[in-house]
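Participant: What follows is a predicted structure for the sequence shown.
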Amino acid sequence: MNASQRGRFITFEGIDGAGKSSQIEYVVGLLRARGLHVVATREPGGTPLGEKLRELLLHEPMHLETEALLMFAARREHLAQLIEPALARGDWVVCDRFSDATWAYQGGGRGLDRDKFAQLEQWVHGHLQPDLTLLFDLPHSVAQGRIAAQARGLDRFEQERADFHERVRDAYLERAVAAPQRMHVVDANQTPADIRKELEQTIANICS
Ligand SMILES: Nc1ncnc2c1ncn2[C@@H]1O[C@H](COP(=O)(O)OP(=O)(O)OP(=O)(O)O)[C@@H](O)[C@H]1O
Ligand SMILES: Cc1cn([C@H]2C[C@H](O)[C@@H](COP(=O)(O)O)O2)c(=O)[nH]c1=O
């Protein structure tokens, strides 16, 4: 299969409560309406083993390097079992989070050494980066208000204090500055309808 027949890899990123999940379904619908075969997935998770690791990652206290290693372990399984086979058969993959989240949460939020992150990223997927990453950006205070309105239990990351989430946001934006060809920053502090208008144009561009 030549490169033009390979599927495209799209990821969604942003701090907790940014509104990613609400828009992923809409974007998947846009792509399928164009006749594309689309696989929707998430991280950590995406495979039976990855979903088991997700439960540990979201609820078990652990060393920051353990957290980073487990995120990449789940990712290695995800790539081997789902993402790479889908792309190879020409399907498009839309993934709720990928390695940018490790850079932002474990790097920016927890302080993981950047060289260790880079070594893991190169080892696990040095050959593959998303074709497009949609970074949903907004103030933590707005995102926190959305999460609070959901009236549900919080996972380990959502329980972190405001300064953690501000570091995560800053690290995401730093990543976007370093990879402008891949990362598109979406102003997530808009109505869902206005966000969808912006997404429609971005998706039209990658499909052209
Ligand atoms: N543009 C928006 N304006 C106001 N509220 C929104 C908007 N988008 C989503 N929400 C609400 O905010 C909450 C979080 O949305 P969502 O689950 O899509 O966020 P998320 O980015 O997936 O968060 P997480 O990564 O923590 O799952 C939901 O209750 C959702 O209804
Ligand atoms: C992939 C990935 C995720 N995380 C964090 C970010 C979120 O707080 C959770 C995932 O939960 P979601 O609300 O379903 O998105 O995990 C992380 O810290 N590092 C990563 O690499």
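Facilitator: Noted; the coordinates are in hand. Ligands and ions are numbered 1, 2, ... in the order given.

Participant: Tell me the spatial nearest neighbour of the residue positioned nearest the centre of the chain, not counting adjacent residues.
Facilitator: Central residue of the chain (C-alpha atoms, centre = their mean): Arg97, 1.5 Å from the mean position. Leaving aside its chain neighbours, Arg97 sits nearest to Glu43 (4.5 Å; criterion: C-beta to C-beta, 6 or more residues apart in numbering). Quick note: C-beta positions are derived from backbone N, CA and C, even for glycine.

Participant: How much space separates that neighbour from ligand 1?
Facilitator: To ligand 1, Glu43 is 11 Å away according to C-beta to the nearest ligand atom, to the nearest Å.

Participant: That residue contacts Arg76, doesn't it?
Facilitator: No: counting by C-beta atoms under 8 Å, Glu43 stays clear of Arg76, with 11.3 Å between them.

Participant: quick one, which of the two is more surrounded?
Facilitator: Taking other C-beta atoms under 10 Å, Glu43 and Arg76 do not tie; Glu43 has more neighbours (22 against 16).

Participant: how close does the more buried one get to Asp163?
Facilitator: Relative to Asp163, Glu43 is positioned 24 Å away (C-beta to C-beta, to the nearest Å).

Participant: And for His125?
Facilitator: For His125, the distance to Asp163 - C-beta to C-beta - is 30 Å.

Participant: if you count what's nearby, which of these two comes out ahead?
Facilitator: A side-by-side neighbour count of His125 and Asp163, using other C-beta under 10 Å, places His125 first with 19 against 10.

Participant: List the residues that contact that one.
Facilitator: Shown in contact with His125 (C-beta atoms under 8 Å, 6 or more residues apart in numbering): 75, 79, 99.

Participant: before we move on, the earlier item: residues in contact with the residue nearest to Arg97?
Facilitator: Neighbour list for Glu43: 50, 71, 74-75, 78, 95-98, 101 [criterion: C-beta under 8 Å, 6+ apart].

Participant: Now distance to ligand 2 and secondary structure too, for the residues you listed, in CSV please.
Facilitator: What follows is the contacts of Glu43, written out as CSV (distance: C-beta to the nearest ligand atom, whole Å; DSSP: H, G, I helix; E, B strand; the rest coil):
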residue, distance to ligand 2, secondary structure
Gly50, 10, helix
Met71, 4, helix
Ala74, 8, helix
Arg75, 7, helix
His78, 10, helix
Cys95, 9, strand
Asp96, 6, strand
Arg97, 4, coil
Phe98, 7, coil
Ala101, 4, helix
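
Participant: out of the residues you listed, which one sits closest to Gln181?
Facilitator: Of all the contacts of Glu43, Phe98 has the smallest distance to Gln181: 16.1 Å, by C-beta to C-beta.

Participant: Now the closest one. Nearest residue, chain neighbours left out?
Facilitator: Thr11 (4.3 Å).

Participant: element containing the one you found, please.
Facilitator: Taking DSSP states H and E as the criterion, Thr11 maps to strand 9-14.

Participant: can you check Leu135 too?
Facilitator: Here Leu135, judged by DSSP H and E, is contained in strand 132-137.
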